[in-house]
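> fold the stuff below for me.
(chains A, B, C and D)
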Protein chains: 2
Amino acid sequence: MKKIAIIEDDKELKVLLEKYLNFQNDLSCETSVESIEEFLSEVNKQDKPDLIICDIGLPGVSGIEGIKILKEKIPGVEVVMLTVDDNSESIFKSLCNGASGYLVKNTSLDKIKESIDIVLNGGSAMSPNIARKVVEYFTPAKHVESELSDRENEIVEGLVEGLSYKLVAHKLDISIDTVRHHIKSIYRKLNVNSKAEVIAKSYKGQI
Amino acid sequence: MKKIAIIEDDKELKVLLEKYLNFQNDLSCETSVESIEEFLSEVNKQDKPDLIICDIGLPGVSGIEGIKILKEKIPGVEVVMLTVDDNSESIFKSLCNGASGYLVKNTSLDKIKESIDIVLNGGSAMSPNIARKVVEYFTPAKHVESELSDRENEIVEGLVEGLSYKLVAHKLDISIDTVRHHIKSIYRKLNVNSKAEVIAKSYKGQI
DNA sequence: TGCAACATCACATATTCATGTCGTTGTTAA
DNA sequence: TTAACAACGACATGAATATGTGATGTTGCA
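This next block holds a predicted model:
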């Protein structure tokens, strides 16, 4: 029997979820509150939950900030966001803070149950459109369609590895002056003027 | 009616999947081949598929490399990986190359169908343990107590922003020589010897 | 066929960076 | 109360970087 806690300021949803979860024969939900603050004042009175379902748009401390606090207070607890907020910033901040799941609020009750099971078994669960945004995080470059030539991209690769002009030249077996030449073109195209900016852009997926 | 193609060298699975998909009344599968190369020679003979289910461990061109080729050949096509390979490198390379889904091979047929529907509707689908690895990508193991001092970390921040020593000095309101001094310590502690490497390390979450 | 884009190399100059050695404070832990 | 360390600063030198001008050869496309 796993213990679930709910932090959700929409009272109707909170009660519905609580009842639904307690109806499951492998889950129990004793803690059901409306804010991070309330949760923290309640949490010592009873058993620590195994998993917390948490809204983002909460009064006081937001759900995103809350993740860090919750996981610090209860090491090893899993946190699944349940929210209407599907903008990329909220998604990524939640994941960075340690959320193991991210569901949008129109998710059906049995999909929520399925997601809870998945997360309790060491997996992660996301609503399809959330997963899409996460997946697309890995392919942002395609949008701008790197305007750099193949050779220029090879040069950038070298820079990103932290190589000096000389080493890039050696690696590509060209002269250092040619490296310089390409870098001038790269800087112009990317509108930057230092190695540092190129590396930053690259790591941010902007190349 | 959406068209699905299968690239899978396990003949048994290939045939099973093909039959199962053709059994669905909203899907059809006419293209079912055993390698990227074979797919490319077949693809012009019939209608372009809307979605391709692709293995990774293929003879010849690997599935990971294949994604780029497929998407170039058929702009807008969705690619879902179906593989036994669940190591992080394969996952991230696939996503970087443009895969919209990543399923492990023990996924049930109806879960595969569900994933196809999700992807065709603009979402993304991943097996739970794959999703976990993707989610964990965003929470790199807490940097083991950054051995850098607070001030040194501020300097690093400046470098990562692409600032010159002069600008870092101005920003922190200290002399450029002091910036130099700190950077010497930083390089020693991080065991590097250029701005580029510091920035790279920072972006890789190694600071 | 000729232009545009790419890749190659050279020379020059000013700035920035990497690194060393040498100091002064102030705080902290043995 | 030393010792260790953090933060601050100065001076100096050689290497690397940023940027400009200019030239030659290839390739793809209109």
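> could you look up the SS state of residue A:102?
Secondary structure, DSSP: H, G, I helix; E, B strand; the rest coil: residue A:102 is strand.
> that one contacts residue A:127, correct?
Yes. In this structure, residue A:102 is within contact of residue A:127 by Cβ atoms under 8 Å, at 6.9 Å. (Glycine included, C-beta is placed from N, CA and C.)
> neighbour-wise, which of those two wins?
Comparing residue A:102 with residue A:127 by other Cβ atoms under 10 Å in any protein chain shown, the one with more neighbours is residue A:102, at 29 against 23.
> neighbours around residue A:72, how many?
10.
> tell me which element it is part of?
helix A:63-73 (DSSP states H and E).
> pull out the buried residues from that helix.
Residues of helix A:63-73 classed as buried: A:63, A:64, A:66, A:67, A:70, A:71 (neighbour count, 16 or more other Cβ atoms under 10 Å in any protein chain shown).
> repeat for stretch A:36-50
Neighbour-count burial for stretch A:36-50, counted by 16+ other Cβ under 10 Å, picks out A:36, A:37, A:38, A:39, A:43, A:49, A:50.
> and the residues you listed as JSON lines, adding distance to residue A:175, pLDDT and secondary structure?
Formatted as JSON lines, the buried residues of stretch A:36-50 follow (distance: Cβ to Cβ, whole Å; pLDDT from 0 to 100; DSSP: H, G, I helix; E, B strand; the rest coil):
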{"residue": "A:36", "distance to residue A:175": "60", "pLDDT": "95", "secondary structure": "helix"}
{"residue": "A:37", "distance to residue A:175": "64", "pLDDT": "93", "secondary structure": "helix"}
{"residue": "A:38", "distance to residue A:175": "67", "pLDDT": "94", "secondary structure": "helix"}
{"residue": "A:39", "distance to residue A:175": "64", "pLDDT": "94", "secondary structure": "helix"}
{"residue": "A:43", "distance to residue A:175": "65", "pLDDT": "82", "secondary structure": "helix"}
{"residue": "A:49", "distance to residue A:175": "64", "pLDDT": "95", "secondary structure": "coil"}
{"residue": "A:50", "distance to residue A:175": "62", "pLDDT": "96", "secondary structure": "coil"}
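> tell me if the longest helix along chain A is near DNA strand D.
Using DSSP state H, we find that the single longest helix of chain A is helix A:176-190. Yes. Against DNA strand D, helix A:176-190 shows contacts by Cβ under 7 Å from any atom of the strand at A:177, A:180, A:181, A:183, A:184, A:187.
> C-alpha coordinates for stretch A:44-59, CSV please?
Taking Å, rounded to 0.1, in the frame of the first residue of the first chain, the C-alpha atoms of stretch A:44-59 are listed here in CSV:
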residue,chain,number,x,y,z
ASN,A,44,5.0,15.8,10.6
LYS,A,45,1.7,14.7,12.0
GLN,A,46,1.5,11.6,9.9
ASP,A,47,3.4,9.1,7.8
LYS,A,48,5.5,10.5,5.0
PRO,A,49,3.9,9.9,1.6
ASP,A,50,5.7,7.9,-1.2
LEU,A,51,4.4,10.2,-3.9
ILE,A,52,3.0,13.8,-4.0
ILE,A,53,0.7,15.0,-6.6
CYS,A,54,1.2,18.8,-6.8
ASP,A,55,-0.4,21.7,-8.7
ILE,A,56,1.7,24.5,-10.0
GLY,A,57,-0.6,27.5,-9.6
LEU,A,58,-0.8,27.4,-5.8
PRO,A,59,-1.4,30.3,-3.4
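> please see if that stretch touches chain B.
No. Taking Cβ under 8 Å from any Cβ of the partner chain as the criterion, stretch A:44-59 and chain B are apart, separated by no less than 14.0 Å.
> identify all contacting residues around that stretch.
For stretch A:44-59, the external contacting residues (Cβ atoms under 8 Å, 6 or more residues apart in numbering or on different chains) are A:2-10, A:17, A:30-31, A:34-36, A:39, A:62-64, A:66-67, A:70, A:74, A:77-85, A:90, A:94, A:112, A:116, A:119-120.
> are any of these buried, and which?
Looks like the contacts of stretch A:44-59 have A:2-9, A:17, A:31, A:34-36, A:39, A:62-64, A:66-67, A:70, A:74, A:77-83, A:85, A:90, A:94, A:112, A:116, A:119-120 buried, using 16+ other Cβ under 10 Å.
> indicate whether the longest helix of chain A makes contact with DNA strand C.
Yes. Judged by Cβ under 7 Å from any atom of the strand, helix A:176-190 comes into contact with DNA strand C at A:177, A:178, A:180, A:181, A:182.
> could you point out which element follows the helix or strand bottoming out on mean pLDDT in chain A?
Lowest on mean pLDDT, DSSP states H and E among the helices and strands of chain A sits helix A:141-144, with a mean of 42. Where DSSP H and E defines the elements, the next helix or strand beyond helix A:141-144 is helix A:150-160.
> near DNA strand C at all, the following helix or strand past that following helix?
The helix or strand immediately downstream of helix A:150-160 is helix A:165-172, counting by DSSP H and E. Yes. On the criterion Cβ under 7 Å from any atom of the strand, helix A:165-172 is in touch with DNA strand C at residue A:172.
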